[in-house]
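[1] any chance you can model this:
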Amino acid sequence: MPKTTKAMKAMLGKTPKSKDPLPLAQAIEILKSFPARKFDQSVEVHMHLGIDPAQADQLVRGSVVLPHGIGKVQRIAVFAKGDLATVAQEAGADFVGQEDLAKRIKEGWTDFDVCIASPDMMGVVGPLGKVLGPRGLMPAPRAGTVTMDVAKVVKEYKAGKVEFRNDKGANIHAIVGKLSFDPQKLVENIEAFIAYVNSLKPNAVRGTYVKSIAVCATMSPSVRVAA
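    Reported below is the predicted structural model:
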């Protein structure tokens, strides 16, 4: 069993002993009270949902533009040709291509955070599923990353759009900002994310949809938040 570091012990000492979830603003206050690290940590939100991931009609996946971005410039790859390739480059895409881009990815290159494709390029992108899928990078209409409006989507991701999907344990994870953000901005980002996930509740779900919510920093314990 890994040894608990002094820093982790100090943080755990500041974590509420009660298992009752806290108001979001108070949870953020606790995260900010933890000992500083040598880098600006990301703030993450983790939600456990009352869905059955094995059922196709209960999957939760989407993307949302957070009010204050995530404090990180995302690298974007776009599959497009002709005018769409041009507007993607003008919108700020880092990598734009077709078969040439697919060849690089097949060879193992995945040095980007988001992958977007125009519908007519899915014949090229489809075979890349084995590489992109496990990394959460496969373009999908449901996530808004298969689109004719590639310029708009590129700009949204550059502005702080977050893409997410439930895992096999019915959990959703997302980065929602940096620890250096003003507390109110973190609260607003997290509230926007939670509200959007709530709006995606599958019709097939019965009972409690959001079972638990927690926030944490890159190297901190998690703090439970009232749903």
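[2] got a list of what the residue nearest in space to the middle of the chain touches?
    In the chain, the centroid-proximal residue (C-alpha atoms, centre = their mean) is Ala174; its distance is 3.6 Å. Listed by C-beta atoms under 8 Å, 6 or more residues apart in numbering, the contact set of Ala174 reads 44-45, 162, 164, 193. For every residue, glycine as well, the C-beta is placed using N, CA and C.
[3] hmm, try it at 10 Å
    Contact partners of Ala174, counting by C-beta atoms under 10 Å, 6 or more residues apart in numbering, are 42-47, 63-64, 66, 70, 162-165, 189-190, 193, 197.
[4] just those: which are in strands?
    Among the contacts of Ala174, the ones falling in strands (DSSP state E) are 42-47, 63-64, 162-165.
[5] list just the nearest of those residues to Ile213.
    The nearest member of the ones in strands among the contacts of Ala174 to Ile213, counting by C-beta to C-beta, is Met47 at 5.2 Å.
[6] how many other residues sit next to Glu163?
    Residues within reach of Glu163, counting by other C-beta atoms under 10 Å, total 20.
[7] counting contacts, what elements does the longest helix that the chain contains pack onto?
    Assignment by DSSP state H gives helix 183-199 as the longest helix of the chain. Applying 3 or more C-beta pairs under 10 Å, 6 or more residues apart in numbering; DSSP states H and E, we find helix 183-199 packed against helix 24-33, strand 42-49, strand 61-65, strand 161-165, strand 171-178, strand 210-217.
[8] how does it look with 6 Å?
    With contacts taken as 3 or more C-beta pairs under 6 Å, 6 or more residues apart in numbering; DSSP states H and E, helix 183-199 sits against helix 24-33, strand 42-49, strand 171-178.
[9] now the second one: average pLDDT?
    What that stands for is strand 42-49. Mean per-residue pLDDT for strand 42-49: 97.
[10] what angle do that strand and strand 210-217 make?
    170 degrees (axes from the mean of the first three to the mean of the last three C-alpha atoms, to 10 degrees).
[11] flag the shaky bits of this structure, pLDDT-wise.
    1-18 (pLDDT under 70).
[12] 80 instead?
    Filtered on pLDDT under 80, the chain yields the residue ranges 1-19, 227.
[13] returning to that earlier point: centre of the chain to the longest helix of the chain, how far?
    13 Å (C-alpha atoms, centre = their mean, to the nearest Å).
[14] now stretch 27-42
    With C-alpha atoms, centre = their mean, you get 19 Å for stretch 27-42.
[15] offset the numbering so it begins at 23, please.
    All set: I'll call the first residue 23, so the last point we hit is now stretch 49-64.
[16] that older thread, and the angle from the longest helix of the chain to strand 193-200?
    Here helix 205-221 runs at an angle of 150 degrees relative to strand 193-200 (the same axes, to 10 degrees).
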